[in-house]
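**Q** Structure for the following, please:
(2 chains)
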Protein chains: 2
Amino acid sequence: MNNFTFYSPTFFAFGKDTEHDAGCYVKRFGGTRVLIHYGGGSVIRSGLLDRVKASLDREGIPYVLLGGVKPNPRSGLVYEGIELCKKEGVDFILAVGGGSTIDSAKAIAAGVVYEGDFWDFYCGKRIEKALPIGTILTIAAAGSEGSPDTVITNENGMFKRGATGDAVRPKFSILNPALTQTLSPYQTACGITDIIAHLYERYLTNTPEVEVTDRLIEALLLTMVHEGPRVIADPNNYEARANIMWAGMMAHNNSCGVGRSQDWTSHDVEHELSALYDCAHGAGLAVTLPAMFTYVMEHDVMRFAQVAVRVWGCQMDFAHPEVTAKAGIEALKKFLVSIGMPVSFSQLGAKEEDIPKLVDVLCNGNGRPGYIEGFTKLNEADCTRIYQLMV
Amino acid sequence: MNNFTFYSPTFFAFGKDTEHDAGCYVKRFGGTRVLIHYGGGSVIRSGLLDRVKASLDREGIPYVLLGGVKPNPRSGLVYEGIELCKKEGVDFILAVGGGSTIDSAKAIAAGVVYEGDFWDFYCGKRIEKALPIGTILTIAAAGSEGSPDTVITNENGMFKRGATGDAVRPKFSILNPALTQTLSPYQTACGITDIIAHLYERYLTNTPEVEVTDRLIEALLLTMVHEGPRVIADPNNYEARANIMWAGMMAHNNSCGVGRSQDWTSHDVEHELSALYDCAHGAGLAVTLPAMFTYVMEHDVMRFAQVAVRVWGCQMDFAHPEVTAKAGIEALKKFLVSIGMPVSFSQLGAKEEDIPKLVDVLCNGNGRPGYIEGFTKLNEADCTRIYQLMV
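**A** All right, here's what the predicted structure looks like:
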């Protein structure tokens, strides 16, 4: 196991009706003038935004509103949010929505207290300072509610890039599984896929002797395998949604990923798909993961065999572990299909002729050195082959 | 799943040589005058105390020392520590040792800023305020390094009781697995048993639909089953110790116990043993757990069958699940024996004729209502039978 530090100071309020306490938590964590940041009309239609406003009103906390966050959140709205916060003297940002809204809120929070261009953080500069953030989560997926990470797409070049820093870890996150019951099965399945990706990407490690984190990741994968189909079959299954929601947070606050090398190349490969085609991130991952794993499996066959046996219930073929490893990847693919996810380029609306463009931006865009690296090093030829496996 | 809140804001620094950074972390978390609290001579002999002092010296942070914490830490030293802190103007407490030292530090930290008798907190009053605490952990066991809990034995009556409050969660905890390599196999096994108890006590729930936390608890149990024998066979196995150390923290910071009823009656039953015989807490638990589980198994046979299959690798007997459930308890007992733990009264130095006294203090001592309650309600007759099963 590698040396590490771990810090997850977010206060979580989990369960039914917990959004009514948003105002109390803003007060507890020092907010006196709030930006409520949200996405489209669903939080308005569902009445959630009104409940949040009422909660702030009860505490006498003034607020301004900025909606309009889109999936794959854009830099334009971030700049707008930064200006608004400065103008209005906002000292706390409350994100009401999913990972895109939270990521956009994190970017604004970091940008408000930074003299330069907030995009610097998405080019490798660590976020050291930010306005405090609270979240009210409406989809179990990105894990942004408990993470120091944020992903934004720069409209100038359509680069989709990540930034990180403990300063943007939410002070509090409100997780009410009932709020996710209005999601479509497709949106729900996209979230499930994103959570599974966060787990696999921690699982694909080159660090030996990491039994405890292996087991924890497998525990969360097993949860997704059990609860995923239940919630797709019955969108109103509160209990299944609750288990998925906590698993989604645990999958990405890094408590099960510490002390080991991780592999974020699947996310990198996918980001080019959602940046170019504006598809849902989870859908892009569903297409990416089986292709990616098929390509990199040989790097550590026993690791793929282990997850096949422990999570997917495959029988170990001791004479031919690669058969077991492949069976695990097939089982993942079947699972993704069973919850309604696309698993090919055409289902995603992606085009084979775009592969050179995808590969170029992936490996060379935004200052990249001609390759990406995690579990293995992948150059342009490797990435081309991976995209081709999705066709 | 039940509604819950979860808050684990401790900063963890994990790995080799991390104790050298103690001074930096004290400074980061606001300490300017420190009480270094520790136990017996081992931290002196190993040179750890000198390394910690040097680290504080490098940051120019003055300190006073209070050693002498014993296993099953006593109220007398807590009173002494409170007086010392007040006299010396201490504003940060640094615990160097195991769970007993950390628990004693938490009691002092709460007592210094409280007008009344610190024992009030151990009679049910929640700890709302305390001096900040840092820890340098020397044994993987109690999980106190990441928990809001503390257990103290009151010398006036020998009541061993717990207190809790987020205010005594450590600001930082330094976990260097190499520091645990000097422990005897017996001490190591006691720690392993304590961790296993923390997991089982969360596992024994009456809350339905808790797949995610069930799976997480099983993951940590599987880790202990794998790593425990490795570290007993080779005390210098850093990797096994590292996996156990992180599992020990995760087992008790409640990330895998949220949203479900828990069962702390095994700890209650054991506390009377270690209070009366001053045995190691882990050893007392090794004697307690199999007896306890045998007695309460009928309350939920399928829960015990589940852990038997998922953790202990037992085959499910679908016609007779109680057979599987019992096999799991037997497997646990065999495991405890294999790592050198006692599993009977005589091995512990306990006496059958003391059972009435044990039961009386357990069920009626320190204001208890004549019974204890968790997974099931256990009255004096039940507790008598449980102690008899240990003979």
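
**Q** In chain A, which residue is most central in space?
**A** For chain A, the residue lying nearest the average C-alpha position, counting by C-alpha atoms, centre = their mean, turns out to be A:A142 (2.5 Å).

**Q** so what's that residue up against?
**A** Contacts were defined as C-beta atoms under 8 Å, 6 or more residues apart in numbering or on different chains; by that measure A:A142 touches A:98-100, A:102-103, A:191, A:194, A:248, A:252, A:281. C-beta: built from backbone N, CA, C; applies to glycine.

**Q** swap in A:N154?
**A** Going by C-beta under 8 Å, 6+ apart, A:N154 touches A:74-75, A:119, A:122, A:160-161.

**Q** So which of those residues would count as near chain B as well?
**A** Among those, none lies close to chain B by the criterion of C-beta under 8 Å from any C-beta of the partner chain.

**Q** mind checking the SS state of the residue of the stretch 251-391 of chain A found nearest chain B?
**A** In the stretch 251-391 of chain A, no residue comes nearer to chain B than A:S255, which is 6.1 Å away by C-beta to the nearest C-beta. At A:S255, secondary structure determined by DSSP: H, G, I helix; E, B strand; the rest coil is coil.

**Q** A:V361 now?
**A** Taking three-state DSSP as the rule, one finds A:V361 in the helix state.

**Q** OK, contacts around the nearest residue to A:V307 once chain neighbours are set aside?
**A** Distance criterion C-beta to C-beta, 6 or more residues apart in numbering or on different chains; nearest residue to A:V307, sequence neighbours excluded, is A:G328 at 5.5 Å. If a contact means C-beta under 8 Å, 6+ apart, then A:G328 has A:304-305, A:307-309, A:311-312, A:314 as its contacts.

**Q** can I get the CA coordinates of the host helix or strand of A:K334 in PDB?
**A** Counting by DSSP states H and E, the element that carries A:K334 is helix A:321-338. Listed next in PDB are the C-alpha coordinates belonging to helix A:321-338 (Å, rounded to 0.1, in the frame of the first residue of the first chain):
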ATOM      1  CA  PRO A 321      -7.600 -17.200 -16.100                       C
ATOM      2  CA  GLU A 322      -7.900 -15.000 -19.200                       C
ATOM      3  CA  VAL A 323     -11.200 -16.800 -20.000                       C
ATOM      4  CA  THR A 324     -12.500 -15.800 -16.600                       C
ATOM      5  CA  ALA A 325     -11.200 -12.300 -17.000                       C
ATOM      6  CA  LYS A 326     -13.100 -12.000 -20.300                       C
ATOM      7  CA  ALA A 327     -16.200 -13.500 -18.900                       C
ATOM      8  CA  GLY A 328     -16.200 -10.800 -16.200                       C
ATOM      9  CA  ILE A 329     -16.000  -8.100 -18.900                       C
ATOM     10  CA  GLU A 330     -18.800  -9.800 -20.800                       C
ATOM     11  CA  ALA A 331     -20.900  -9.900 -17.600                       C
ATOM     12  CA  LEU A 332     -20.400  -6.200 -17.100                       C
ATOM     13  CA  LYS A 333     -21.500  -5.500 -20.700                       C
ATOM     14  CA  LYS A 334     -24.600  -7.600 -20.300                       C
ATOM     15  CA  PHE A 335     -25.400  -5.800 -17.100                       C
ATOM     16  CA  LEU A 336     -25.100  -2.400 -18.800                       C
ATOM     17  CA  VAL A 337     -27.400  -3.600 -21.600                       C
ATOM     18  CA  SER A 338     -29.900  -5.000 -19.100                       C
END
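
**Q** ok, the closest residue to A:E59 other than its chain neighbours - contacts?
**A** With C-beta to C-beta, 6+ apart as the measure, A:G23 is the residue that lies nearest to A:E59, at 3.8 Å, once sequence neighbours are left out. Counting by C-beta under 8 Å, 6+ apart, A:G23 touches A:55-59, A:61.

**Q** one more time with 7 Å, if that's ok
**A** Each residue near A:G23 by C-beta atoms under 7 Å, 6 or more residues apart in numbering or on different chains is listed here: A:55-56, A:58-59, A:61.

**Q** what's the answer for A:R241, then?
**A** The contact partners of A:R241, by C-beta under 7 Å, 6+ apart, come to A:177, A:180-181, A:231.

**Q** Which one of the contacts of A:N154 is nearest to chain B?
**A** Ranked by distance to chain B (C-beta to the nearest C-beta), the contacts of A:N154 are led by A:Y122 at 25.6 Å.

**Q** Pretty sure that closest one sits against A:I152.
**A** Yes - with contacts counted by C-beta atoms under 7 Å, A:Y122 reaches A:I152, the gap being 5.8 Å.

**Q** where do the contact lists of the two overlap?
**A** When contacts are counted by C-beta under 7 Å, 6+ apart, the set common to A:Y122 and A:I152 consists of A:R161.

**Q** can you give me how far the helix or strand containing A:G248 is from the chain middle?
**A** A:G248 is part of helix A:238-250, with elements assigned from DSSP H and E. When distances are taken as C-alpha atoms, centre = their mean, to the nearest Å, helix A:238-250 is centred 14 Å away from the chain's centroid.

**Q** Then stretch A:46-60?
**A** Relative to where its chain is centred, stretch A:46-60 has its mean C-alpha point 27 Å off (C-alpha atoms, centre = their mean).

**Q** Do me a favour and average the pLDDT over it.
**A** In this model, stretch A:46-60 has an average pLDDT of 97.

**Q** Equivalent analysis for stretch A:116-134, please.
**A** The predicted confidence, averaged over stretch A:116-134, sits at 97.
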